[in-house]
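J.: show me how the following folds:
(one chain, ligands or ions: 1)
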Amino acid sequence: MTDFTGLRAVVTGGASGIGLAAASLLAARGAQVVVFDLKPDVPEPLNGIAADVSDDASVRAAVSAAALRLGGIDILVNNAGIGAQGTVATNDDDEWHRVLDVNVVGIARVSRAVLPYLKRSEAAAIVNTCSIAATAGLPNRALYSASKGAVLALTMAMAADHVREGIRVNCVNPGTADTPWVGRLLDAAADSATERANLEARQPMGRLVTADEVAQAIVYLASPLAGSTTGTALAVDGGMQNL
Ligand code: NAD
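T.: Next up, the predicted model:
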């Protein structure tokens with residue numbers, strides 16, 4: 001088990017689901033953790049700072065506040081993301097811009113503000129939350145898939161750009177994870193219990209991925225155990241990508 005004592009982490013979208021699980025696991029391993037979220041209500045010992053990753057001024061203010069509070073930043077988990085259903089026939093330009101601005105430009109925006117601190121760290125790592133949607137060709141998820149395909153490409157490009165600065169950049173590709181996000185989608189169905197049972201039955205393991213399982217992968221990639229790993233995507237999808 002890696003000890004993160006003395007390391008300082010920022011987790012975006014860390015007030016719910018995968019981000020909250022990753023922030024909590026980093027803190028349990030000894031890291032000091034700041035969570036950025038729209039509504040940063042987080043349990044102790046996490047520190048919440050209100051930030052919107054689609055707003056550059058908000059991001060820059062939050063990063064300055066986090067660095068001041070933590071005395072620097074070693075680890076950045078770019079996890080904030082939003083979903084979108086639809087096809088190119090149904091999603092209009094406003095929706096494309098809104099989702100790409102959070103899921104893709106949000107990562108660039110937060111990383112740009114955090115990089116000066118990572119360059120001064122001896123254990124610098126960025127982990128982006130991508131998705132199997134990046135490569136799976138999911139129906140009715142054109143915009144979301146395009147956004148996550150961009151996250152995958154961005155992860156590899158960032159890894160190349162910053163490897164000589166001692167900054168590793170990787171991503172995790174979750175399958176369908178049991179988070180409040182998926183809960184909201186199921187709640188919207190006419191019969192949410194049947195919808196959940198059908199969703200579980202479609203998974204190779206017969207169950208959804210847990211947020212903790214994704215968090216374990218994020219924490220591994222952020223840790224010195226992954227010291228020679230950069231520019232990769234680690235799937236946590238219950239075997240979904242093999243179908
Ligand atoms: P979630 O909705 O439970 O949590 C997402 C968090 O991000 C929320 O707290 C939300 O407030 C925050 N957020 C949204 N927009 C933001 C913004 N503009 N600025 C700051 N924070 C913002 O969702 P989750 O399922 O935990 O998803 C987290 C990440 O995992 C997302 O990037 C998502 O695309 C990815 N993912 C999820 C699944 C899944 O099945 N749950 C699968 C693959 C990938």
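J.: CA only for contacts and neighbour counts going forward, please
T.: Fine.
J.: tell me where the protein has strands.
T.: Taking DSSP state E as the criterion, the chain carries its strands at 8-12, 32-37, 47-50, 75-78, 125-129, 168-174, 177-178, 209-210, 233-236.
J.: helices and strands around the third one, which ones?
T.: Think strand 47-50. If you count contacts as 3 or more Cα pairs under 8 Å, 6 or more residues apart in numbering; DSSP states H and E, strand 47-50 packs onto strand 32-37, helix 56-70.
J.: sorry, back to before: can you put the strands of the chain in JSON lines and add mean pLDDT and mean neighbour count?
T.: Formatted as JSON lines, these follow (pLDDT from 0 to 100; neighbours: other Cα atoms under 10 Å):
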{"stretch": "strand 8-12", "mean pLDDT": "98", "mean neighbour count": "28"}
{"stretch": "strand 32-37", "mean pLDDT": "98", "mean neighbour count": "28"}
{"stretch": "strand 47-50", "mean pLDDT": "98", "mean neighbour count": "21"}
{"stretch": "strand 75-78", "mean pLDDT": "99", "mean neighbour count": "28"}
{"stretch": "strand 125-129", "mean pLDDT": "99", "mean neighbour count": "27"}
{"stretch": "strand 168-174", "mean pLDDT": "98", "mean neighbour count": "27"}
{"stretch": "strand 177-178", "mean pLDDT": "97", "mean neighbour count": "19"}
{"stretch": "strand 209-210", "mean pLDDT": "98", "mean neighbour count": "20"}
{"stretch": "strand 233-236", "mean pLDDT": "98", "mean neighbour count": "21"}
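J.: quick revisit: and of the helices and strands packed on strand 47-50, who's closest to Val127?
T.: strand 32-37 (14.3 Å; Cα to Cα).
J.: got the residues of the chain near the ligand?
T.: 12-19, 37-38, 51-54, 79-82, 102, 129-131, 174-182 (Cα under 6 Å from any ligand atom).
J.: go through the helices and strands packed on strand 47-50 and pick out the most buried.
T.: Neighbour counts (mean count of other Cα atoms under 10 Å) averaged over each of the helices and strands packed on strand 47-50 peak at strand 32-37, with a mean of 28.
J.: direction included, what does that strand pair up with?
T.: strand 8-12 (parallel), strand 47-50 (parallel) (DSSP bridges).
J.: mind putting those strands in CSV, distance to Ala28 included?
T.: Below are the strands paired with strand 32-37 laid out as CSV (distance: least, Cα to Cα, whole Å):
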stretch, distance to Ala28
strand 8-12, 12
strand 47-50, 14
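J.: of all these, which one is nearest Asn91?
T.: The minimum distance between Asn91 and the strands paired with strand 32-37 falls on strand 8-12, with 25.7 Å, by Cα to Cα.
J.: what does the closest one contact?
T.: Strand 8-12 is touched from outside by 19, 22-23, 26, 31-37, 53, 66, 70, 72-80, with contacts defined as Cα atoms under 8 Å, 6 or more residues apart in numbering.
J.: now do it: distance to the chain's middle.
T.: On the basis of Cα atoms, centre = their mean, to the nearest Å, strand 8-12 sits 11 Å off its chain's mean C-alpha point.
J.: next one: stretch 184-192
T.: With Cα atoms, centre = their mean as the basis, the mean position of stretch 184-192 lies at 24 Å from the chain mean.
J.: what about that stretch, start to end distance?
T.: 10 Å (Cα to Cα, to the nearest Å).
J.: so Arg29 versus Arg120, what's the distance?
T.: As judged by Cα to Cα, Arg29 and Arg120 stand 22 Å apart.
J.: check Ile75 too.
T.: For Ile75, the distance to Arg120 equals 12 Å [Cα to Cα].
J.: do Ala21 as well
T.: Ala21 sits 27 Å away from Arg120, going by Cα to Cα.
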